[in-house]
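> Prediction below, plus the sequence it came from.
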Amino acid sequence: MLPDAGSPADRIARIAAHLNPQMEEGASSALRPAACRGKGGAPGFKVAILGAAGGIGQPLSMLMKMNPLVSVLHLYDVVNTPGVTADISHMDTSTVVRGFLGPQQLDAALTGMDLVIIPAGLPRKPGMTRDDLFNKNAGIVRVLCEGVARCCPDTIVNLISNPVNSTVPIAAEVFKKAGTYNPKRLLGVTTLDVVRANTFVAEVLGVDPRDVSVPVVGGHAGVTILPLLSQVTPPCSFTLDEIKYLTNRIQNGGTEVVEAKAGAGSATLSMAFAAAKFGDACLRAMKGEAGIVECSYVASQVTELPFFATKVRLGRGGAEEILPLGPLNDFERMGLEMAKKELNESIQKGIAFMNK
Ligand SMILES: NC(=O)C1=CN([C@@H]2O[C@H](COP(=O)(O)OP(=O)(O)OC[C@H]3O[C@@H](n4cnc5c(N)ncnc54)[C@H](O)[C@@H]3O)[C@@H](O)[C@H]2O)C=CC1
Ligand SMILES: O=C([O-])CC(=O)C(=O)O
């Protein structure tokens, strides 16, 4: 229902401000888009993207605007969301898009959200490790997750910001402190490792990457990225040279892009693709679709470490079941030991950040 108090111009301004806070000031046309008769938006999920104006955030926002399961899309960043929101809102899909700018609008961006996707934070430059991003990104993730705990404690969080191996433990500590922690609802996004593994394996096998599925376990940095090439479907075998080449390429896929971009950032387009794929899997599972299994970095008892990426079965409440590693060959067992050592340090660093 349209509010009926005040002049038509007042009504239009109020509705416009509600639909898109950035429209409140500076919108010049007499009839603002939000004053049109339909409320817009089919039934569906409410999704927020935090860091929506960034290299990942922009194409991810576009892809989520194209997802028919998303009825409302909130785009939050500390810069440039009015422009990104205006641009994406012109796409003729049913999703209603609203923009939110700066910390004063964080709570409004988060209230009522079913899924919050977080690609906020600094990307790497050549010569940096993901861990070199810790000092900047730990604080950003902390503040954003405090907002989640305050405004949408039951939401499912897809965390992309690096170093994922540490930011997921940071987010868990934030939620524990706030008394809202549900480990099933906090998912570190490692889908890009799977996307890359499928692509590189398909290249070696000479098949369509869409027909290949490679489990990638462990974490999301260097040796913690552990592709299980013995468990590829459809079943296939590799020579030792192929295994070494593929493992190295998958573990260093991020660095390959960082170096190719030569200072202009890290993977953004393939990451947006991967995040949209993972977000869609979460939404389908939240809607009740059965049998959805994706790799994700989550609270886990598969190893002695408190967080580990494996296949997880997604459901209405997030990561409903953490699936076991399955049989590993000698090469993978060796890789697992190396992965666990580095991963443990990154997890402890994240936890220590929140408890100092
Ligand atoms: N999990 C994964 O597989 C991957 C993770 N990443 C990580 O994703 C993050 C983002 O990468 P890009 O989009 O390329 O970086 P970018 O610099 O292009 O965009 C980051 C965005 O975050 C925003 N931001 C900064 N502080 C914020 C805050 N407090 N609240 C909200 N937004 C804030 C910036 O304004 C910017 O628009 C990086 O940490 C990167 O390392 C990148 C690729 C793959
Ligand atoms: O390598 C980076 O810094 C970004 C990232 O996580 C990836 O592309 O896998």
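Yep, it's here. Ligands and ions are numbered 1, 2, ... in the order given.
> rest of the way, CA atoms for contacts and neighbours
Noted.
> Quick check: phi and psi at residue 158.
Main-chain torsions, residue 158, degrees, to the nearest 10: phi -110, psi 110.
> need the contact list for it.
The contact partners of residue 158, by C-alpha atoms under 8 Å, 6 or more residues apart in numbering, come to 115-118, 186-189, 279.
> tell me, which of these make contact with ligand 1?
Among those, the residues lying close to ligand 1 (C-alpha under 6 Å from any ligand atom) are residue 189.
> So which of the contacts of residue 158 are in strands?
Per DSSP state E, strands hold the following members of the contacts of residue 158: 115-118, 186-188.
> coming back round to it: could the contacts of residue 158 go into TSV alongside neighbour count and pLDDT?
Below are those laid out as TSV (neighbours: other C-alpha atoms under 10 Å; pLDDT from 0 to 100):
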residue	neighbour count	pLDDT
115	26	98
116	25	99
117	26	99
118	25	99
186	25	99
187	27	99
188	31	99
189	31	99
279	24	98
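> Quick one: neighbours of the residue lying closest to residue 190 once chain neighbours are set aside, just the number.
Spatial nearest neighbour of residue 190, chain neighbours left out: residue 296 (5.5 Å); criterion: C-alpha to C-alpha, 6 or more residues apart in numbering. Using other C-alpha atoms under 10 Å as the criterion, residue 296 is surrounded by 29 other residues.
> what does residue 190 give?
Neighbours of residue 190 (other C-alpha under 10 Å): 30.
> How about the contacts made by it?
Shown in contact with residue 190 (C-alpha under 8 Å, 6+ apart): 160, 219-220, 295-297, 309.
> what about it, distance to ligand 1?
The spacing between residue 190 and ligand 1, counted by C-alpha to the nearest ligand atom, to the nearest Å, is 5 Å.
> same thing with residue 157?
Look at residue 157 and ligand 1: by C-alpha to the nearest ligand atom, they are 13 Å apart.
> Break down the stretch 51-200 of the chain into its strands, ranges please.
70-77, 96-101, 115-118, 156-159, 186-188 (DSSP state E, counting those that start in this stretch).
> what helix or strand is whichever residue of the stretch 151-300 of the chain sits closest to ligand 2 on?
With C-alpha to the nearest ligand atom, the shortest gap between the stretch 151-300 of the chain and ligand 2 falls at residue 254, namely 3.3 Å. According to DSSP states H and E, residue 254 maps onto helix 253-261.
> Residue 344 now?
Taking DSSP H and E as the criterion, residue 344 maps to helix 330-354.
> Check which residues of that helix are buried.
332, 335-336, 339-340, 342-344, 346-351, 353-354 (16 or more other C-alpha atoms under 10 Å).
> Same check on stretch 138-153?
Result for stretch 138-153 [16+ other C-alpha under 10 Å]: buried residues 138-142, 144-149, 151-153.
> doesn't residue 183 make contact with residue 317?
No - with contact taken as C-alpha atoms under 8 Å, residue 317 and residue 183 are classed as non-touching, separated by 10.0 Å.
> For the stretch 101-250 of the chain, which residue gets nearest to ligand 2?
Closest point on the stretch 101-250 of the chain to ligand 2, by C-alpha to the nearest ligand atom, is residue 124, at 4.7 Å.
> confidence score at that residue?
For residue 124, the pLDDT comes out at 97.
> measure it to residue 245 for me?
Separation of residue 124 from residue 245 (C-alpha to C-alpha, to the nearest Å): 24 Å.
> Would you mind telling me which of those two has more residues around it?
For residue 124 versus residue 245, neighbours defined as other C-alpha under 10 Å are more numerous around residue 124 (22 against 13).
> quick one: contacts for residue 138?
With C-alpha under 8 Å, 6+ apart, residue 138 has these contacts: 167, 170, 350, 353.
> sorry, back to before: residues of whichever helix or strand the residue nearest to residue 190 is part of that come out buried?
In the assignment (DSSP H and E), residue 296 maps to strand 292-299. Buried residues in strand 292-299, counted by 16+ other C-alpha under 10 Å: 293-299.
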